[in-house]
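**Student:** Got a predicted structure plus its sequence, pasted below:
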Amino acid sequence: MNMHIKKRNIYICRHGESECNMLGQIGGDSDLSLRGKQFAVKLGEFINDRKIPGLKVWTSQLKRTIQTSRHLDVDSEQWKALNELDAGACDALTYEEIQEKFPDEFALRDQDKYHYRYPRGESYEDLVHRLEPVIMALERQENILVICHQAVMRSLLAYFLDNAQEELPYIKCPLHTVLKLTPKAYSCEVERYPIDVPAVDTHRPKPKITVLSRSEKEALENLPEHY
(Lines give C-alpha, C1' and ligand atoms only; values in the text may rest on other atoms or scores of the structure.)
Protein backbone atom coordinates (compact mmCIF):
# COMPACT_ATOMS: atom_id res chain seq x y z
CA MET A 1 0.00 0.00 0.00
CA ASN A 2 1.30 3.47 -0.92
CA MET A 3 1.60 5.46 2.31
CA HIS A 4 2.39 8.81 0.65
CA ILE A 5 -0.35 11.39 1.22
CA LYS A 6 1.19 13.88 -1.18
CA LYS A 7 1.08 13.02 -4.89
CA ARG A 8 4.46 12.13 -6.31
CA ASN A 9 5.88 10.99 -9.62
CA ILE A 10 8.66 8.55 -10.44
CA TYR A 11 10.13 9.09 -13.89
CA ILE A 12 12.13 6.14 -15.22
CA CYS A 13 14.05 5.76 -18.46
CA ARG A 14 17.00 3.90 -19.84
CA HIS A 15 20.20 5.63 -20.88
CA GLY A 16 20.43 6.93 -24.41
CA GLU A 17 21.43 4.52 -27.14
CA SER A 18 25.02 3.38 -26.50
CA GLU A 19 27.77 2.23 -28.83
CA CYS A 20 27.33 -1.28 -27.40
CA ASN A 21 23.60 -1.15 -28.19
CA MET A 22 24.36 -0.36 -31.82
CA LEU A 23 26.70 -3.36 -32.06
CA GLY A 24 24.26 -5.70 -30.34
CA GLN A 25 26.58 -6.19 -27.35
CA ILE A 26 25.10 -6.78 -23.90
CA GLY A 27 26.41 -4.95 -20.85
CA GLY A 28 29.73 -3.19 -21.27
CA ASP A 29 30.51 0.39 -20.29
CA SER A 30 30.53 2.22 -23.59
CA ASP A 31 29.80 5.85 -24.40
CA LEU A 32 26.56 7.05 -25.91
CA SER A 33 26.12 6.86 -29.68
CA LEU A 34 25.40 10.05 -31.61
CA ARG A 35 21.66 9.30 -31.33
CA GLY A 36 22.10 8.58 -27.63
CA LYS A 37 23.66 12.02 -27.18
CA GLN A 38 20.71 13.55 -29.06
CA PHE A 39 18.35 11.75 -26.68
CA ALA A 40 20.25 13.19 -23.69
CA VAL A 41 19.60 16.70 -25.04
CA LYS A 42 15.91 15.94 -25.66
CA LEU A 43 15.56 14.34 -22.22
CA GLY A 44 16.97 17.50 -20.66
CA GLU A 45 14.39 19.58 -22.52
CA PHE A 46 11.57 17.19 -21.59
CA ILE A 47 12.37 17.20 -17.88
CA ASN A 48 13.57 20.80 -17.49
CA ASP A 49 10.49 22.24 -19.20
CA ARG A 50 8.25 20.56 -16.64
CA LYS A 51 9.91 22.39 -13.72
CA ILE A 52 9.18 19.45 -11.42
CA PRO A 53 9.33 20.63 -7.79
CA GLY A 54 12.05 19.07 -5.64
CA LEU A 55 13.19 16.75 -8.41
CA LYS A 56 16.04 14.36 -7.67
CA VAL A 57 17.95 12.46 -10.35
CA TRP A 58 19.59 9.08 -9.85
CA THR A 59 21.85 7.29 -12.34
CA SER A 60 24.03 4.20 -12.23
CA GLN A 61 27.83 4.47 -12.09
CA LEU A 62 28.18 3.47 -15.75
CA LYS A 63 29.14 6.07 -18.34
CA ARG A 64 26.05 5.82 -20.50
CA THR A 65 23.61 6.80 -17.73
CA ILE A 66 25.85 9.60 -16.45
CA GLN A 67 26.20 11.00 -19.98
CA THR A 68 22.42 10.82 -20.41
CA SER A 69 21.94 13.09 -17.38
CA ARG A 70 24.27 15.86 -18.57
CA HIS A 71 21.62 18.24 -19.89
CA LEU A 72 19.38 18.19 -16.82
CA ASP A 73 19.15 21.27 -14.59
CA VAL A 74 19.45 19.00 -11.53
CA ASP A 75 22.68 17.33 -10.45
CA SER A 76 22.54 13.55 -10.47
CA GLU A 77 23.38 11.09 -7.71
CA GLN A 78 25.18 7.92 -8.81
CA TRP A 79 24.15 4.54 -7.37
CA LYS A 80 26.27 1.42 -7.87
CA ALA A 81 23.13 -0.62 -7.12
CA LEU A 82 21.59 0.80 -10.32
CA ASN A 83 24.33 -0.68 -12.53
CA GLU A 84 23.17 -3.07 -15.22
CA LEU A 85 22.85 -6.80 -14.54
CA ASP A 86 26.38 -8.23 -14.52
CA ALA A 87 26.74 -10.56 -17.50
CA GLY A 88 30.03 -11.93 -16.17
CA ALA A 89 31.89 -13.97 -18.80
CA CYS A 90 29.37 -12.78 -21.42
CA ASP A 91 29.79 -9.06 -20.78
CA ALA A 92 30.16 -6.98 -23.95
CA LEU A 93 29.45 -9.99 -26.20
CA THR A 94 26.71 -10.15 -28.81
CA TYR A 95 24.07 -12.86 -28.62
CA GLU A 96 25.69 -14.45 -31.67
CA GLU A 97 29.03 -14.58 -29.85
CA ILE A 98 27.42 -16.05 -26.73
CA GLN A 99 25.77 -18.75 -28.83
CA GLU A 100 29.13 -19.51 -30.48
CA LYS A 101 31.20 -19.59 -27.27
CA PHE A 102 28.66 -20.74 -24.68
CA PRO A 103 25.74 -22.45 -26.51
CA ASP A 104 24.62 -24.43 -23.44
CA GLU A 105 24.64 -21.34 -21.25
CA PHE A 106 22.63 -19.46 -23.87
CA ALA A 107 19.99 -22.22 -23.88
CA LEU A 108 19.92 -22.52 -20.08
CA ARG A 109 19.25 -18.80 -19.75
CA ASP A 110 16.39 -19.06 -22.22
CA GLN A 111 14.89 -21.90 -20.19
CA ASP A 112 14.69 -19.87 -16.97
CA LYS A 113 15.77 -16.28 -17.52
CA TYR A 114 14.80 -15.08 -14.04
CA HIS A 115 16.89 -17.58 -12.08
CA TYR A 116 19.72 -18.17 -14.56
CA ARG A 117 23.06 -16.70 -13.42
CA TYR A 118 25.76 -15.79 -15.94
CA PRO A 119 29.15 -17.45 -15.31
CA ARG A 120 30.92 -15.09 -12.88
CA GLY A 121 27.93 -12.79 -13.15
CA GLU A 122 24.38 -12.25 -11.90
CA SER A 123 20.83 -13.49 -12.42
CA TYR A 124 17.68 -11.39 -12.49
CA GLU A 125 16.97 -12.80 -9.04
CA ASP A 126 20.35 -11.47 -7.85
CA LEU A 127 19.58 -8.09 -9.40
CA VAL A 128 16.19 -7.87 -7.68
CA HIS A 129 17.90 -8.45 -4.31
CA ARG A 130 20.56 -5.86 -5.17
CA LEU A 131 17.85 -3.30 -5.92
CA GLU A 132 16.04 -3.71 -2.59
CA PRO A 133 17.81 -0.70 -0.96
CA VAL A 134 17.04 1.38 -4.07
CA ILE A 135 13.36 0.45 -3.89
CA MET A 136 13.20 1.24 -0.17
CA ALA A 137 14.79 4.63 -0.87
CA LEU A 138 12.39 5.25 -3.78
CA GLU A 139 9.44 4.63 -1.47
CA ARG A 140 10.65 7.55 0.69
CA GLN A 141 11.23 9.99 -2.19
CA GLU A 142 8.94 12.60 -3.67
CA ASN A 143 9.55 13.47 -7.35
CA ILE A 144 12.47 11.61 -8.89
CA LEU A 145 13.99 10.65 -12.24
CA VAL A 146 15.86 7.33 -12.43
CA ILE A 147 18.12 6.86 -15.47
CA CYS A 148 19.09 3.21 -15.58
CA HIS A 149 19.41 0.09 -17.74
CA GLN A 150 17.09 -2.46 -19.36
CA ALA A 151 17.26 -5.19 -16.70
CA VAL A 152 17.20 -2.64 -13.88
CA MET A 153 14.22 -0.83 -15.37
CA ARG A 154 12.39 -4.13 -15.79
CA SER A 155 13.01 -4.98 -12.14
CA LEU A 156 11.81 -1.60 -10.88
CA LEU A 157 8.70 -1.71 -13.06
CA ALA A 158 7.91 -5.25 -11.92
CA TYR A 159 7.94 -4.03 -8.32
CA PHE A 160 5.68 -1.03 -8.88
CA LEU A 161 3.37 -2.78 -11.37
CA ASP A 162 3.30 -6.12 -9.51
CA ASN A 163 4.53 -8.26 -12.42
CA ALA A 164 5.21 -11.96 -11.86
CA GLN A 165 8.77 -13.32 -11.79
CA GLU A 166 8.38 -15.09 -15.11
CA GLU A 167 7.14 -11.87 -16.75
CA LEU A 168 9.88 -9.61 -15.38
CA PRO A 169 12.75 -10.52 -17.79
CA TYR A 170 10.55 -9.88 -20.82
CA ILE A 171 9.01 -6.50 -19.90
CA LYS A 172 9.47 -4.15 -22.88
CA CYS A 173 11.61 -1.15 -21.96
CA PRO A 174 12.49 0.58 -25.24
CA LEU A 175 15.32 3.05 -25.52
CA HIS A 176 14.45 6.75 -25.72
CA THR A 177 11.15 6.39 -23.87
CA VAL A 178 10.34 8.00 -20.51
CA LEU A 179 7.83 6.35 -18.18
CA LYS A 180 6.00 8.44 -15.58
CA LEU A 181 4.76 6.40 -12.63
CA THR A 182 2.17 7.82 -10.25
CA PRO A 183 1.84 5.51 -7.24
CA LYS A 184 -1.67 5.34 -5.80
CA ALA A 185 -3.05 3.58 -2.72
CA TYR A 186 -3.29 0.10 -4.26
CA SER A 187 -2.02 0.59 -7.82
CA CYS A 188 0.36 2.58 -9.99
CA GLU A 189 -0.60 4.71 -12.99
CA VAL A 190 1.80 4.60 -15.95
CA GLU A 191 2.21 7.20 -18.69
CA ARG A 192 4.63 6.65 -21.58
CA TYR A 193 6.47 9.44 -23.38
CA PRO A 194 8.46 8.33 -26.45
CA ILE A 195 11.18 10.87 -27.25
CA ASP A 196 11.54 11.57 -30.96
CA VAL A 197 15.06 10.21 -31.48
CA PRO A 198 15.51 6.87 -33.30
CA ALA A 199 17.26 3.99 -31.53
CA VAL A 200 17.90 0.29 -31.99
CA ASP A 201 15.43 -2.16 -30.50
CA THR A 202 17.17 -4.26 -27.83
CA HIS A 203 14.15 -6.35 -26.83
CA ARG A 204 14.54 -10.11 -27.36
CA PRO A 205 11.22 -11.98 -26.95
CA LYS A 206 11.09 -15.29 -25.15
CA PRO A 207 12.35 -17.99 -27.56
CA LYS A 208 10.09 -20.89 -28.50
CA ILE A 209 12.86 -23.50 -28.53
CA THR A 210 15.12 -23.67 -25.46
CA VAL A 211 16.46 -27.24 -25.40
CA LEU A 212 20.23 -27.69 -25.24
CA SER A 213 20.17 -29.61 -28.53
CA ARG A 214 18.65 -26.74 -30.53
CA SER A 215 20.38 -25.58 -33.69
CA GLU A 216 22.19 -22.27 -34.00
CA LYS A 217 19.41 -21.00 -36.26
CA GLU A 218 16.78 -21.90 -33.65
CA ALA A 219 18.81 -20.20 -30.90
CA LEU A 220 19.17 -16.96 -32.85
CA GLU A 221 15.77 -16.83 -34.53
CA ASN A 222 14.39 -13.83 -32.63
CA LEU A 223 17.39 -11.56 -32.13
CA PRO A 224 16.90 -7.80 -32.25
CA GLU A 225 18.52 -6.12 -35.24
CA HIS A 226 21.82 -4.32 -34.80
CA TYR A 227 24.65 -2.96 -36.90
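**Tutor:** Arrived safely, thanks for sending.
**Student:** so L157 sits right up against Y170, yeah?
**Tutor:** No. With contact defined as C-beta atoms under 8 Å, L157 does not reach Y170; the gap is 11.5 Å. For every residue, glycine as well, the C-beta is placed using N, CA and C.
**Student:** More neighbours: which of these two?
**Tutor:** More neighbours surround L157 than the other of L157 and Y170, with 20 against 14 (other C-beta atoms under 10 Å).
**Student:** that's a strand at the more buried one, yeah?
**Tutor:** No. With DSSP: H, G, I helix; E, B strand; the rest coil as the criterion, L157 is located in helix rather than a strand.
**Student:** contacting residues around it?
**Tutor:** Counting by C-beta atoms under 8 Å, 6 or more residues apart in numbering, L157 makes contact with 12, 163, 171, 173, 179.
**Student:** In three-state terms, how would the last one be classified?
**Tutor:** Per three-state DSSP, the local secondary structure of L179 is strand.
**Student:** Next, the nearest residue to it once chain neighbours are set aside: phi, psi?
**Tutor:** Nearest non-adjacent residue to L179, counting by C-beta to C-beta, 6 or more residues apart in numbering: I12, 4.9 Å away. Reported as degrees, to the nearest 10, the phi and psi values for I12 are phi -130, psi 130.
**Student:** burial count for I12?
**Tutor:** 23.
**Student:** which residues does it contact?
**Tutor:** With C-beta under 8 Å, 6+ apart, I12 has these contacts: 145-146, 148, 153, 156-157, 178-179, 181.
**Student:** Highest neighbour count among these?
**Tutor:** Using other C-beta under 10 Å as the neighbour criterion, C148 leads the contacts of I12 with 28 neighbours.
**Student:** For it, list the residues it contacts.
**Tutor:** Applying C-beta under 8 Å, 6+ apart to C148 gives the contacts 12-15, 58-60, 65, 82, 84, 156.
**Student:** Can you give me the distance of the spatially most central residue of the chain to P174?
**Tutor:** The chain has Q150 as the residue nearest its centroid, 1.8 Å off, counting by C-alpha atoms, centre = their mean. Computed as C-beta to C-beta, to the nearest Å, the Q150 to P174 distance reads 9 Å.
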